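J.: 3D, please:
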Amino acid sequence: MVQTLVRWATRVPTDRMLDPSCGDGRFLAAWRNSFGVERDSSAHAQARQRAPWARIHEGEFFTWAATTKERFECAAGNPPFIRYQTFAGPTRERALKLAASLGAPFSALTSSWAPFLVATASLLKRGGRMAFVIPSEVGHAPYAEPLLTFLASSFARVQLVAVREKVFPELSEDVWLLFADGYGDRTAEFEFTATDHLKFIATPPRPTSRVSDAEWRRWNRRLRPFLLPESVRELYLETAALKTTRRFGTLAKIGIGYVTGDNDFFHLRPSQAKAARIPRSLLRPTVRNGRALNGHPISDATVRRWLEDDEQILLLHLTARTAISDSLKKYLNSDAARAAQKTYKCRNRSPWYAVPDVKVPDAFLSYMSSEGPALVANHSGCVATNSVHTVNVTNDWSLSKLLLTWKDPFTRLSCEIEGHPLGGGALKVEPGEAVRVALIDKRKWSLPEQHTIADGINTLRRWRHCRG
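T.: Purely as a prediction, here's the structure:
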């Protein structure tokens, strides 16, 4: 990978190459005229040993990038992939501020690597190039949109190479390669290549697709659908445009379940509730996670089986107006309660024990599964945690019709397209993605159409490494 990306980025020996997060210096070692930035002192020392000819700045990249006068013919590397939950503090503030000033306004949910690329591009000389290994999230994450828009408006050529095999087998994250050439110019298309294996190649591979800006926007500003054969994409768009096709969000409201702050404290087994003498009227049967959604309706018989098995599925549902009995007071003053009160959610609500947003939906939707999301009717009045989605029918389709249509293979293909891979073979469908899932009413598929749909499903399953 290092040899490939450095070869793509460099052209003549006098080219100065920047690695903005050089780590232990693997990219610097591949090019004699190289410059690195690294904030970790231990990695900085390793990089100096591995590439003694390189100039290496020890410090935080975004601070350096905002003030340096250095400019480079090219850049290559593997920027740090830190999710937004831990990409925090002053470093994130500097990164987002710098990126916004350069024309890439990222949201607070942006992972670290995206502003790294924007800041790196700003340090190139006109006509410069960069080649990076990046997370496959560039193909579907919302924060990829401002990055790709920036790249298209800053380079004459932008190519993404999707690699199906695990480049880093020990990690759940898949990676793609980015090559951008001609800094200071702009392009009206993305070149896209899908390949099964990563091997050394001296020049970027031929594109399997050329994605215009309009076509990219047609696919909700995602490049992941271009992993599919053209025949699948054509059938999908044609079907989605039919009057008999509806998006899930026009038929139902999709939300998330409640958040307790401490699931073990707020969810009791029947035996625990009996021992604590907590009234049954204060306990609500709940769907704890997607494993409970096996495709069959959640019925009264289902709940009875859970209770007979003494499963931890009874939510302690209290409000500010709930009368606190002596037995309930004892439970709310237990060691487990004192630990629960210290959690973020409990600390920031009053009273701390009143779990908000506890509602009974019409159905439940699993949002993370290797087989795709299951839509299950709620016949028992259960509630649900935020480990599953809640579904309430809002329009002219009945729940039974919605459930029947959900079983159509086209819906399954739509879930694959509108959702995204999470790692480990799982498909994740967030509420904002679920609303875009396409459902078609009473469509009989021809045999060739059935094969095309199956091909699309199997293609995206292979790309998310789903077994079976």
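
J.: going forward, measure contacts and count neighbours with C-alpha atoms only.
T.: Noted.

J.: which stretches of the stretch 251-400 of the chain form helices?
T.: Using DSSP state H, counting those that start in this stretch, the helices of the stretch 251-400 of the chain run over 263-266, 270-276, 300-308, 326-332, 335-341, 344-347, 399-406.

J.: what residues does the second one touch?
T.: By Cα atoms under 8 Å, 6 or more residues apart in numbering, the surrounding residues in contact with helix 270-276 are 279, 307, 310-312, 314, 327-328, 331.

J.: now swap in the fifth one and tell me
T.: Under the contact criterion Cα under 8 Å, 6+ apart, helix 335-341 has outside partners 261-262, 265, 331-332, 346-347, 352.

J.: tell me which residues of stretch 353-360 are tucked away?
T.: 353-355, 358, 360 (16 or more other Cα atoms under 10 Å).

J.: what's the spacing between the residue lying closest to residue 319 once chain neighbours are set aside and residue 315?
T.: Of all residues not flanking residue 319 in the chain, residue 354 sits nearest, at 4.8 Å (Cα to Cα, 6 or more residues apart in numbering). Distance, residue 354 to residue 315, using Cα to Cα, to the nearest Å: 11 Å.

J.: where does the protein have low pLDDT?
T.: Scanning the chain with the threshold set as pLDDT under 70 gives 82-88, 468.

J.: centroid residue for it?
T.: residue 141 (5.6 Å; Cα atoms, centre = their mean).

J.: Report the contact partners of it.
T.: With the criterion set at Cα under 8 Å, 6+ apart, residue 141 makes contact with residue 222.

J.: can you rerun that using 10 Å?
T.: By Cα atoms under 10 Å, 6 or more residues apart in numbering, residue 141 lies in contact with 109-111, 221-224, 420.

J.: same check, this time on residue 175
T.: 133-138, 161-168.

J.: Show me which of these are buried.
T.: The neighbour-count test (16+ other Cα under 10 Å) applied to these identifies 133-138, 161-167 as buried.

J.: Which of the residues you listed sits closest to residue 428?
T.: Nearest to residue 428, judged by Cα to Cα, of the buried ones among the contacts of residue 175 is residue 137 at 12.5 Å.

J.: can you pull the contacts of the residue nearest to residue 204 when sequence neighbours are not counted?
T.: Of all residues not flanking residue 204 in the chain, residue 8 sits nearest, at 6.7 Å (Cα to Cα, 6+ apart). Taking Cα under 10 Å, 6+ apart, we find residue 8 in contact with 2, 74-76, 129-132, 179-181, 201-204.

J.: buried set for stretch 117-133?
T.: The neighbour-count check on stretch 117-133 (16+ other Cα under 10 Å) flags 117-126, 128-133 as buried.

J.: Of all pairs in those, which one spans the longest distance?
T.: Spanning the widest gap among the buried residues of stretch 117-133 are 126 and 133, at 22.1 Å by Cα to Cα.

J.: Strands of the stretch 101-250 of the chain, start to end?
T.: 124-135, 155-163, 175-183, 189-195, 209-212, 245-247 (DSSP state E, counting those that start in this stretch).

J.: quick check: angle from the fourth one to strand 175-183?
T.: In this case it means strand 189-195. Per axes from the mean of the first three to the mean of the last three Cα atoms, to 10 degrees, the angle that strand 189-195 makes with strand 175-183 is 150 degrees.

J.: what does strand 189-195 contact?
T.: 148, 151-152, 156-165, 176-180, 204-216, 223-224, 226-228.

J.: Could you identify the buried members of these?
T.: Buried by 16+ other Cα under 10 Å: 148, 151-152, 156-165, 176-180, 204, 209-211, 216, 223-224, 226-228, out of the contacts of strand 189-195.

J.: My guess is residue 431 contacts residue 367. True?
T.: Yes: in this structure, residue 431 is within contact of residue 367 by Cα atoms under 10 Å, at 8.3 Å.

J.: Between the two, point out the one with more neighbours.
T.: Neighbours were counted for residue 431 and for residue 367 using other Cα atoms under 10 Å; residue 367 has more, 25 against 19.

J.: my guess is the more buried one meets residue 428, correct?
T.: Yes: the criterion here is Cα under 10 Å, and residue 367 meets it with residue 428 at 5.3 Å.

J.: hey, what's in contact with both of those two?
T.: 373, 419, 434.

J.: can I get these in CSV with neighbour count and distance to residue 269?
T.: Putting those into CSV (neighbours: other Cα atoms under 10 Å; distance: Cα to Cα, whole Å) gives the following:
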residue, neighbour count, distance to residue 269
373, 26, 27
419, 25, 34
434, 24, 32
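
J.: Switch those residues over to JSON lines, and while doing so, append distance to residue 452 to every line.
T.: Converted to JSON lines, these look like this (distance: Cα to Cα, whole Å):
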{"residue": "373", "distance to residue 452": "21"}
{"residue": "419", "distance to residue 452": "19"}
{"residue": "434", "distance to residue 452": "22"}
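
J.: Number of residues surrounding the closest residue to residue 373 other than its chain neighbours?
T.: Computed as Cα to Cα, 6+ apart, the closest residue to residue 373 that is not its neighbour in sequence is residue 366, at 4.9 Å. For residue 366, the count of nearby residues is 24 (other Cα under 10 Å).

J.: before we move on, what about the one 4 residues further on?
T.: The local packing count at residue 370 equals 19, with neighbours defined by other Cα under 10 Å.

J.: again with the one 5 residues further on
T.: Neighbours of residue 375 under the rule other Cα under 10 Å: 24.

J.: which residues does it contact?
T.: 293-297, 363-367, 389-391, 402-404, 406-407.

J.: For beta bridges, what are the partners of it?
T.: residue 365 (DSSP bridges).

J.: before we move on, back to that, which of the contacts of residue 175 sits closest to residue 444?
T.: Nearest member of the contacts of residue 175 to residue 444, counting by Cα to Cα, is residue 164, at 32.9 Å.
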